[in-house]
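A.B. asks: take this sequence and fold it.
(chains A, B and C)
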Amino acid sequence: MKINSAVKLGTVATFAAVLLAACGSSSSSSSEASKQTLNWMENSALPSMDLSTSTDVVSGETENNTNEGLLRFGKNSKTLPGVAKSYTKSKDGKTYTFNLRKSNWSNGDKVTAKDFVYAWQRTVNPKTASQYSYMYAQVKNANAIIAKKKPVSSLGVKAVGNYKLVVTLTQATSYFPALVASPMFFPQNQSVVQKYGKKYATNAASNVYNGPFKLTYWTGTSDNWTLSKNTKYWNAKNVKLKKINFKTMKDPQTSLSQYQSGKLDATYLSGQQPKNYKNSKQYVERKSASTFYIELNEKKDSMMKNKKARQALSLAINRNQFVNKVLADGSTAAKGLVSTGLASKNGKDFNTAAAVPSATTQDLTKAKKLWKQALKETGRKSYSLTLMADDTPAGKNSAEFIQSQWAKLDGLKVTNSNLPFKTRLARSQDGQFDAVISAWGADFPDPISFLSLFTSGNSYNNGKWASKSYDKYVKAASGKDANNADARWSDMVNAQKTILNDQGIIPVYQQGKAQLVKSNVKGLIYFPTGANWDFSSAYISK
Amino acid sequence: MADTVKLPEDSFKPISADDRTALDSEKIAAPSLTFAQDAWRRLRKNKGAWISLIVLAIVFIMAFGSIFVSPHDPNAVNPSYANLPSKIPGIGINGFNGTLVQAGQRVDAYKQAGASNLHYIMGTDYLGRDLFSRVLYGTRISLIIALVATLFDLTIGVTYGMFSGWKGGRIDTIMQRIIEIILSIPNLVVIVLLILILKPGMTSIIIAIALTSWTNMARLVRAQTMELKEQEFILAARTLGERPMQIAFKHLLPNLSSVIIINTMFTIPNAIFFEATLSYIGIGISSPQASLGTLLNDGQKNFQFLPYQMWWPALVLSIIMLAFNLLGDGLRDAFDPRTKE
Amino acid sequence: MAKYLAKRIFYLVLTLFIVITVTFFLMKLLPGTPLTNQAKLSKSQIALIYEQYGLNKPVWQQYLLYLAGAVRGNFGTSFQFSDQPVSYLLSSRIGPSLQIGLQAMIFGVIIGIIVGSFGAMKQNTWVDTSATFVSILGISIPSFVLAVLLQYYLGLKLGWFPIAEWGGFIYTVLPTLALGATPLAESARFVRTEMVDVLSSDYIELAKAKGLSRTGVIYHHALRNSLIPLITIVGPLAVNIMTGSMVVENIFSIPGIGEQFVKSVLTNDYPTIMGLTIIYSFMLCVVLLFTDILYGIVDPRIRITGKAN
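C.D. replies: Here you go, the predicted model:
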């Protein structure tokens, strides 16, 4: 067992190195090296580089390329060795031991196990007020520390010498390797953090990096920032890009124009743009691990508590028409609560195993019939509801479309209400809604990231749908079956089947991102959760 | 200039008694006109203003008539007919014949969608809704917003400004500080709060406009009143013992009319754009309602590929603006007592 | 005059104080939290983090703490750009907004005055009609539509100007034009209307009769006397434009504060809302003060002391 995982990692590492070396050997002339600059766009500015407190995607993406954790994400969210050469897991799955390689920070300091202990303790320290500290819940004592009940030093992470890190968990957590590959588990250099104090990580200079690149331009509030190759990185010889210029483009028309005029090497498409580039060779669709679904407020009245009514509302929606004709940006019809492509077992995707077609497809005749029955059962002639959604273009599109679909049910009147994001959240949490289009993006590549939302009494369960068997399955998956991969898998499959069979939520679509990428940009690594991009093996060919 | 022209002797002759009775210097030959009659007469003489009035009447009838009669339901969704360009039967010019440029080639979008026998005169939007019906609908919403804003401008704004400017002194100081405060509190905070208290949509937007839009008018009217009240005709009126209310309506208001009308001409587009900007930010009216602003905003996003989605609402908005402005000019000329014939 | 100024400055401080107070309590009524990760936090997690930021205290206590900090120049830390003091965030981003706004105002008002004066002098001729048309066009097209048109035709198709981003002066041309349309239109309309009035008044007839040159009459008498409404309008407009337009800044990717204004409200970024309100309110009050002083300079008939009759 112990040796097994270590060996596995080792092979992957050698394989990756060989692959990279093969790619690298083709471009070596100096003129081409100078061209190794990537011009990349983001939709919003880089707001923070503090690994403990940053929360948004742009920060995560940048940090993932300037820093490195114990492990790092490769294609399809596979974990590859990072600072840790290998790791072992105890039999009960509660203890992980990571063996670190000898590597350096960009200022020459050594990256040691103590840097991890310091970083992790800093993140869970209530004084840091990290908004992602809940990700540490599985680490021993983390919850008690966050709630100020135990000292920070009691966190279940210990450095044994400089190059060995031992982590103790409260319970077996099969996705723990994926967690340590996320930026909030990256190491931090204590002397640098303390040297800059409040100024730490507030601009390019007051920070230190241990990843493939280092941040060389960023004022802390600027719309542009630049990454340059980090020569101190342990795997620097396989990093091809010399420079990455990040530019904030808030308007999709502008970024497309900039792409067309050669100022950008890639751009995201939105609105009607993807339809016009569908046949282009530069067109790529990226799946993200986020699902959009409708929650129905079961606390409000008897109608939404009626299973037939909920099923009718789901059956009335033509999801394929919506994703293909209306969004047409690479989004796909949702096959379940969990996003497709997030997890698989023996090559079979989670949603194939846990599919309930009747809960995610259209059948208008059946919908009308069920709706009529539901009205009768609850003693109603007609029913009116307000559909709440975000006020973003996508939110408006979804609300408009779903309203038009629901209009086909007799005796149903739907009014739309598009609200600013934070207002929508506040109202959802307070139960001030009839139906709301919500979204969830997975924090780590495991179905439990979605499934844990809808246990009864969970504060994310806005519709207050409740099912004892669902609770039981989710509890088993993260408790007694946590260390038994097969049992855990079937627990999770059963959980999704339960919620879909009862139509506890109405899954609508899985978000996709359409992108244009210049054909000479090669080796980009995309993964659907968290930081999304790894540029360490990207290069410009010619 | 020394004039040396000699006039013949019979150029002048003394006036007789008969002549004197015929020539009553006190008699007014033309029929006496009230202020309103006079203004109406002058307005009718202005061709541009007349045409504008007719255009506006047509726009109003079409926009409000579309409640009862509309070519299509503005909210009827039909995704298979999405993004069809304008097609007006009998017109073969590119841009009106149902073709558009796709990947460098001009194609018949109607044929592609299998809708060759249909025609949408302004095309359809991304959900396949008839753009013409939506423009009519949007025009109605925008006009309502504009008219409400104008109403508040004319009532609160003008009264507030005249009172403040006329009274002067401490009252003026306090009233101006209140305006400063209203201008200084970010509009957006107020609107998001209104959305919270009320519902997102027209009512919140109209109340937000009502709360904030009249300040410019009030400041303009005040400034102009301060200038006017020092002038002789006001002094004369006051000396003659006219009451302040009379002075305000009979003397101040007509002289303020040009500023009031011109500012109203800005209130209308500003209100429409205010709503448009809100929808750009995302807190405008809720879907599937539309205004000219939201239509422009949606069209702007697809301008590179589907230019007609922006041009049509832009055209309608420009026509409305042009008509309002030319009418405004006409009204100004008609109402301003200083205008010369 | 000095007494008047002192009084006005006292009022300015008072107004600022009221605005700060009202905005502070209003914004605390906004739903949601300032936390950037709100969607993923449960209520108990939010409560724990609130405690760290002191957001669990009663609102009046938070208000007093804010005032105490603001007086000492500490305006808090932004939530959007975590760890960045609001004062740094705003000072580092306000430059481009000010520059473009100022350029747009200068361009718009000068061209507007010229267009408006020509229109008035050649009243009811084709010059007048086209001047009217230009200015009406300026207010018929929202700035975001104009920005998109300029960017597409002059930027992408013709390649005369950069499409977006921030660099030298050349980068400011298109945004300036897009923002300048409104002040251009407004000043042209006001100048024309007022000038038509003034040109037909007796003192202009007198000036003409006295044999003053045409430009002399226009410049010394007509223009000066038609500026009152323009001054009234231009002040707040300038403040509005110079504190950044989110729409134009987003379209041209300008690193200004336009978006912060909107985003701070929509994301409950309390310290940033307050910082922006203070800047905006201060600029506005100063501009309004100048406007009142200018009234007296431009039109000697207005007595600045505003003495009751």
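A.B. asks: how about residue A:477, what does it touch?
C.D. replies: A:448, A:451, A:488, A:491-492, A:495 (C-beta atoms under 8 Å, 6 or more residues apart in numbering or on different chains). Bear in mind the C-beta positions are built from the backbone N, C-alpha and C, glycine included.
A.B. asks: again, only this time at 10 Å
C.D. replies: Taking C-beta atoms under 10 Å, 6 or more residues apart in numbering or on different chains, we find residue A:477 in contact with A:174, A:446-448, A:451-452, A:484, A:487-495.
A.B. asks: how about the secondary structure of it?
C.D. replies: Taken by DSSP: H, G, I helix; E, B strand; the rest coil, the conformation at residue A:477 corresponds to helix.
A.B. asks: which one is it nearest to, not counting chain neighbours?
C.D. replies: residue A:491 (3.9 Å; C-beta to C-beta, 6 or more residues apart in numbering or on different chains).
A.B. asks: next, count neighbours for that neighbour.
C.D. replies: 24 (other C-beta atoms under 10 Å in any protein chain shown).
A.B. asks: test my guess that it contacts residue A:353.
C.D. replies: No - in terms of C-beta atoms under 10 Å, residue A:491 does not count as a neighbour of residue A:353; the distance is 11.8 Å.
A.B. asks: do the strand or helix carrying residue B:106 and chain A meet?
C.D. replies: With elements taken from DSSP states H and E, the one containing residue B:106 is strand B:105-108. No - Strand B:105-108 is not in contact with chain A by C-beta under 10 Å from any C-beta of the partner chain; minimum separation 11.5 Å.
A.B. asks: which helices and strands sit right next to that strand?
C.D. replies: strand B:99-102 (3 or more C-beta pairs under 10 Å, 6 or more residues apart in numbering or on different chains; DSSP states H and E).
A.B. asks: how about the strand it packs on and chain A, touching?
C.D. replies: Yes - shown here: strand B:99-102 in contact with chain A (C-beta under 10 Å from any C-beta) through B:101-102.
A.B. asks: and what of stretch B:277-294?
C.D. replies: Yes - counting by C-beta under 10 Å from any C-beta, chain A has neighbours in stretch B:277-294: B:278-279, B:281-289, B:294.
A.B. asks: and these as a markdown table, adding neighbour count, pLDDT and distance to residue B:198?
C.D. replies: Formatted as a markdown table, these follow (neighbours: other C-beta atoms under 10 Å in any protein chain shown; pLDDT from 0 to 100; distance: C-beta to C-beta, whole Å):
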| residue | neighbour count | pLDDT | distance to residue B:198 |
| --- | --- | --- | --- |
| B:278 | 26 | 81 | 14 |
| B:279 | 23 | 77 | 17 |
| B:281 | 21 | 78 | 18 |
| B:282 | 19 | 75 | 17 |
| B:283 | 25 | 77 | 12 |
| B:284 | 29 | 77 | 14 |
| B:285 | 24 | 80 | 12 |
| B:286 | 24 | 76 | 12 |
| B:287 | 25 | 74 | 17 |
| B:288 | 21 | 82 | 19 |
| B:289 | 19 | 84 | 15 |
| B:294 | 25 | 86 | 19 |
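A.B. asks: among those residues, name the ones in helices.
C.D. replies: Judged by DSSP state H, the subset of the residues of stretch B:277-294 next to chain A located in helices is B:278-279, B:281, B:294.
A.B. asks: and the two most separated of these?
C.D. replies: B:281 and B:294 (11.6 Å; C-beta to C-beta).
A.B. asks: circling back to that earlier point, how about the residues of stretch B:277-294 next to chain A, which pair is most distant?
C.D. replies: Top of the distance list for those (C-beta to C-beta): B:281 and B:288, 18.7 Å.
A.B. asks: just the CA trace of the strand holding residue B:106, in PDB.
C.D. replies: The C-alpha atoms that make up strand B:105-108 are tabulated as PDB, following Å, rounded to 0.1, in the frame of the first residue of the first chain:
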ATOM      1  CA  GLN B 105     -19.800  34.700 -46.500                       C
ATOM      2  CA  ARG B 106     -23.200  36.200 -47.100                       C
ATOM      3  CA  VAL B 107     -25.800  33.600 -46.300                       C
ATOM      4  CA  ASP B 108     -29.600  33.500 -46.200                       C
END
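A.B. asks: next, count neighbours for residue C:169.
C.D. replies: 9.
A.B. asks: and the gap between it and residue A:526?
C.D. replies: The spacing between residue C:169 and residue A:526, counted by C-beta to C-beta, to the nearest Å, is 39 Å.
A.B. asks: doesn't residue A:54 make contact with residue A:184?
C.D. replies: Yes - using C-beta under 10 Å, residue A:184 is in contact with residue A:54, at 8.2 Å.
A.B. asks: between these two, which contacts overlap?
C.D. replies: Counting by C-beta under 10 Å, 6+ apart, the residues touching both residue A:184 and residue A:54 are A:60, A:63, A:130-132.
A.B. asks: drop anything exposed from these.
C.D. replies: A:60, A:63, A:130-132 (16 or more other C-beta atoms under 10 Å in any protein chain shown).
A.B. asks: what is the most widely separated pair among those residues?
C.D. replies: Every pair of those checked by C-beta to C-beta; the farthest is A:63 and A:131, at 14.8 Å.
A.B. asks: residues of stretch B:83-100 that come out buried?
C.D. replies: Buried residues in stretch B:83-100 (16+ other C-beta under 10 Å): B:83-87, B:96-100.
A.B. asks: that one and chain C, are they touching?
C.D. replies: No - judged by C-beta under 10 Å from any C-beta, stretch B:83-100 and chain C are separated, with a smallest distance of 16.1 Å.
A.B. asks: distance check, the residue nearest to residue A:181 when sequence neighbours are not counted against residue A:165.
C.D. replies: Nearest residue to residue A:181, sequence neighbours excluded (C-beta to C-beta, 6+ apart): residue A:71, at 4.3 Å. As defined by C-beta to C-beta, residue A:71 lies at a distance of 12 Å from residue A:165.
A.B. asks: find residues that contact each of these two.
C.D. replies: Common neighbours of residue A:71 and residue A:165 (C-beta under 10 Å, 6+ apart) are A:83-84, A:87, A:98, A:180.
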